[in-house]
Every structure is written in C-alpha cells, then in structure tokens.
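S.K.: Test case, fold it:
(one chain, ligands or ions: 3)
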Amino acid sequence: MAAPGENLRINPDRLWDSLMEMAKIGPGVAGGNNRQTVTDEDGEGRKLFQKWCEEAGMTMAVDTMGNMFMTRPGTDPDALPVYVGSHLDTQPTGGKYDGVLGVLGGLEVIRTMNDLGIKTKHPIVVTNWTNEEGTRFAPAMLASGVFAGVHTQDWAYDREDHDGKKFGDELKRIGWVGDEEVGARKDKMHAMFELHIEQGPILEAEGKDIGVVTHGQGLSWTQVTVTGKDSHTGSTPMPMRKNAGLGMARILEKVDEIAWSHAPHAVGAAGHIEVFPNSRNVIPGKAVFTIDFRSPDLAVIQDMENRLKVEAQKICDDMGLQVEFEKVGGFDPVEFDKGCVEAVRNAAERLGYSHQNIISGAGHDACWINKVAPTAMIMCPCVDGLSHNEAEEISKDWAKAGADVLFHAVVETAGIVE
Ligand code: HGY
Ligand code: MN
Ligand code: MN
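M.R.: Ligands and ions are numbered 1, 2, ... in the order given. Alright, predicted model coming up:
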C-alpha cells in the first residue's frame, strides 16, 4: 500500500492541547489524573472524546462492555477497518499520558487526514477500551479481554471494587452500556495499532524517539489471603501471636527474592496490600495482597508463581497461619504481528526518527487484541521512565514523534486512495 509522503506530519500543538484538555477531567492531587474506570469522571472523559470524534466526522458505536468505536469510512465499504486506540481510564494516582496518548493520538491521525484530505481504502476506527488499568476492578485490560474472548461478559460484569460495587452496575450507572454485542466485530479487523508511553526508562536512556514494540512481557496476578487471629498488641504474649501482617511481610520478602533470582528480566512486587482490622492496637488477623509477577518468558512466570505458593505455605505453616491463593489476572508473553511491526519500523525510518526494538514491560489492550487481529505497538519515551505516578511526564516532541509514526503506520496499512 502507498505510504504518506515523509513530509506529512500530525499537528503537535493540537494533539498537546487535546491531551491537556482531557487531563482537566478527573484531576489528581499532584498534577496527574484520577479518572478511574466507570466513574463519573470516566463518563465525562468519554463524552469529550465522543464530541471531538463527531466534530472530526466520525460515527460512534459502543459495545456492551462500553468499548467505544469511532469510525471514519474508507472508500471500500467491504474492506476491514484498521483500528487505532488505547484507554482513557487512569490509575488513582495516574499520569496524563498513560493510555490517553494512544486514544488522542488516534484522533489526531483522523484530524490530520481530514486536514490533508486523505482518503483510505480501509475504514479507520479509533477506540477507547474500557477498564485497561484493572485498578478499581481487576484484572487489567478487562474489556479488551472480553472483546477478545478471554473472559466472559458475565464474569466481567460481576467483578467487584473495594466497596462491593459491581463493574456491570457501574457501567450502567454512567450510561455507557452500548447496544453492540462485545466481540461482534473481532473477526472483522484488518489490523490494530496502539501508541503508548514506554512507562520505563529504556528509550530515554538510549536517546531513542521511538520504541518498535516486538513483544509484550507476560503478567501474573495472584491474590493471597493470610489468616491469623486479631488480638491486643499490648497484652498478647509474643509466642501466642498469630500475626497475619507479619506473615505477609515475610512472604513479600520472598517475592522480591524470587524475582531477583530471575534477574535481569523478571519483576515482582505487591501493589495492593490490606491488613484487617487495620487498627493501631490490634495484631492483624487477616492480610490480603496481590502479587504481580512479570517476565518475557512464560516458564519463568510459572516458576515464580509455583515458588510463591511453596514459600508462602511454608512461612504460614511455621507461624500457625492459614493461606489461600486466587489467580485474579494474567496473560502470556505476546509476540506482535511482524507485518504491523514492520509498518511501524518503516514509518520511523521514513520520518527520520531514531528507534529501537523494545519489549513492553507493561500490559496493554494490544496484548489481548493481538489474539484476534494483526497488532503492533509504538512507544515514545517518558521522563525518568516514570508512570503510574502523577508526575508522569513526556515532551511535546516525543508525543509528536509517536503520533507521526502512528499516522504513517495506520494510513499506510489502510491504503491511501489517490
Ligand atoms: O498493569 C499494567 O501493566 C497496565 O498498566 N494495566
Ligand atoms: Mn496504559
Ligand atoms: Mn497503566
């Protein structure tokens, strides 16, 4: 397919203004965002995205998981669409760019095509995938997972947040249950591209503008519940204590050791940690926490999961505690489509951006969509590799480079019609 001329570029000021405008919705407390999935703020962000897309001449479809599909028609109505997008939901202390750059970068592709009067054979669909973060309702990439057939919609609707609210009820409450059956379009996709900040330090350290994402590492989330006995922190003699909090601490120490044993590529930690009753003068009778293991190698993930169970059981047996495990999320390492990856690499070359191959450390909707359509990702650097932190920052130039490459890869794949 013909590619756009190398001089054709997106409008970085317009993209940046849209990023800053979206960032005003669900502001954090330190300059970032708290626009968690299916909250009122998420609903507001969706409406703004819908308004911008309709102003750019696109028509909206929404599926039963709230996934948004904004279509720009192609010249061939039978040609399968090229998808481009990411997610608008954020962590509770999230940044302004994680996910949002990929959605608004997709919108900027359309806006630029409109400016230049570009027509393509294949339609182009800009998407916002619901609940990529998995922070309020585990697991991550929930709606793209249902779309790709990995989870059932019923299971997803039943996921509960910390306050016992159900995902399906909250999606209904904010008015974003669409009438399109989720997954109905999954066998009718020509390709999908996702632009994302790296969320790691490699590109900035290497001085590269673009990450050509060849693979995504796999992820495993195991929720661990340790049960001991609540009792007085003052009057309970040390030998009589059944301290679930201490059991958790010893298990977390082991998690770190297990991840280091697979250095340099494996990682492990617990981001979600709760003790009950969480009172200053009560020995915790219960601890609930989620272990996040990741590696590009599936066998390593499985080894880390197995060793977690063996070590945690040993620790709890020694301390007279009970322990239960529940797998609450995970996906295998992914290899992205070679053709789409090549389109990304060619675009970076054509545009004169420095680039390197990279494995995605974070999970993304593209990891699930890769199961149903040829998929690739583009990454731009972020300052100090920091993400999932309100101080997450990118430069306008990095955003421009990423969106330029996205524009070229998408338009070339969709086929310019002279
Ligand atoms: O967990 C992840 O990797 C993604 O940010 N949801
Ligand atoms: Mn993301
Ligand atoms: Mn994220």
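S.K.: Can you name the residues that contact P333?
M.R.: Residues near P333 by Cβ atoms under 8 Å, 6 or more residues apart in numbering: 215-218, 295-298, 301. In short, each C-beta sits where N, CA and C put it, glycine included.
S.K.: how close does the residue lying closest to Y157 once chain neighbours are set aside get to ligand 1?
M.R.: Excluding the flanking residues, the one nearest Y157 by Cβ to Cβ, 6 or more residues apart in numbering is G168, at 2.9 Å. Noted for G168: a distance of 20 Å to ligand 1, by Cβ to the nearest ligand atom, to the nearest Å.
S.K.: Please list the residues of this protein that sit near ligand 1.
M.R.: Counting by Cβ under 6 Å from any ligand atom, the chain comes close to ligand 1 at 132-134, 140, 362-363.
S.K.: Just the buried ones from the contacts of P333?
M.R.: Among the contacts of P333, those buried by neighbour count (16 or more other Cβ atoms under 10 Å) are 215-218, 295-296, 301.
S.K.: Okay, and which of those map to helices?
M.R.: I301 (DSSP state H).
S.K.: In contact with the residue nearest to the spatial centre of the chain, which residues?
M.R.: Nearest residue to the geometric centre of the chain (Cα atoms, centre = their mean): H364, 3.9 Å. Contacts for H364 were tallied using Cβ under 8 Å, 6+ apart; they are 86, 132, 141, 194, 196, 216, 377.
S.K.: Now the residue in the stretch 101-250 of the chain that ligand 1 sits nearest to. Nearest residue, chain neighbours left out?
M.R.: Here the residue of the stretch 101-250 of the chain nearest ligand 1 is A140; by Cβ to the nearest ligand atom that distance is 3.7 Å. Leaving aside its sequence neighbours, A140 sits nearest to G134 (Cβ to Cβ, 6+ apart; 3.1 Å).
S.K.: ok so, going back, tabulate the contacts of H364 (JSON lines), appending secondary structure and pLDDT.
M.R.: Shown next, in JSON lines, are those (DSSP: H, G, I helix; E, B strand; the rest coil; pLDDT from 0 to 100):
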{"residue": "S86", "secondary structure": "strand", "pLDDT": "98"}
{"residue": "E132", "secondary structure": "coil", "pLDDT": "98"}
{"residue": "M141", "secondary structure": "coil", "pLDDT": "97"}
{"residue": "E194", "secondary structure": "strand", "pLDDT": "98"}
{"residue": "H196", "secondary structure": "strand", "pLDDT": "98"}
{"residue": "G216", "secondary structure": "strand", "pLDDT": "97"}
{"residue": "M377", "secondary structure": "strand", "pLDDT": "98"}
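S.K.: and which of these is nearest to R307?
M.R.: When the contacts of H364 are ranked by distance to R307 (Cβ to Cβ), G216 comes first, at 23.2 Å.
S.K.: Which strand residues bridge the closest one?
M.R.: Taking DSSP bridges as the rule, G216 bridges to V334, S360.
S.K.: I'd assumed C367 was in contact with it.
M.R.: Yes - counting by Cβ atoms under 8 Å, C367 is a contact partner of G216 at 4.7 Å.
S.K.: shared neighbours of the two, anything?
M.R.: 334, 360.
S.K.: for the residue lying closest to A79 once chain neighbours are set aside, what are its contacts?
M.R.: Distance criterion Cβ to Cβ, 6+ apart; nearest residue to A79, sequence neighbours excluded, is H122 at 4.3 Å. Contact analysis of H122 by Cβ under 8 Å, 6+ apart lists 74, 76, 79-82, 190, 413-415.
S.K.: Does E133 touch L88 like I think?
M.R.: No - applying Cβ under 8 Å as the test, E133 and L88 come out as separate, 10.2 Å apart.
S.K.: Comparing the two, which residue is more hemmed in?
M.R.: L88 (27 against 23; other Cβ atoms under 10 Å).
S.K.: Stretch 252-267: end-to-end distance?
M.R.: Using Cα to Cα, to the nearest Å, one end of stretch 252-267 lies 13 Å from the other.
S.K.: neighbouring contacts of that stretch?
M.R.: By Cβ under 8 Å, 6+ apart, stretch 252-267 touches 217, 268-270, 289, 291-297, 300-301, 303-304, 307-308, 311-312, 315, 361.
S.K.: same check, this time on stretch 15-23
M.R.: Outside stretch 15-23, the residues that touch it by Cβ under 8 Å, 6+ apart are 33, 45, 48-49, 52, 88, 96-97, 100-101, 104-105, 107-108, 396, 399-400, 403.
S.K.: of these, buried ones?
M.R.: For the contacts of stretch 15-23, a burial check counting by 16+ other Cβ under 10 Å picks out 33, 45, 49, 52, 88, 96-97, 100-101, 104-105, 107-108, 399-400, 403.
S.K.: of all these, which two lie farthest apart?
M.R.: G45 and K400 (22.5 Å).
S.K.: For the stretch 201-350 of the chain, which segments count as helices?
M.R.: With DSSP state H, counting those that start in this stretch applied, the stretch 201-350 of the chain shows helices at 202-206, 244-260, 298-319, 338-351, listed in chain order.
S.K.: what's the first one packed up against?
M.R.: Spelled out, that is helix 202-206. Here helix 202-206 touches strand 210-216, strand 355-360, going by 3 or more Cβ pairs under 8 Å, 6 or more residues apart in numbering; DSSP states H and E.
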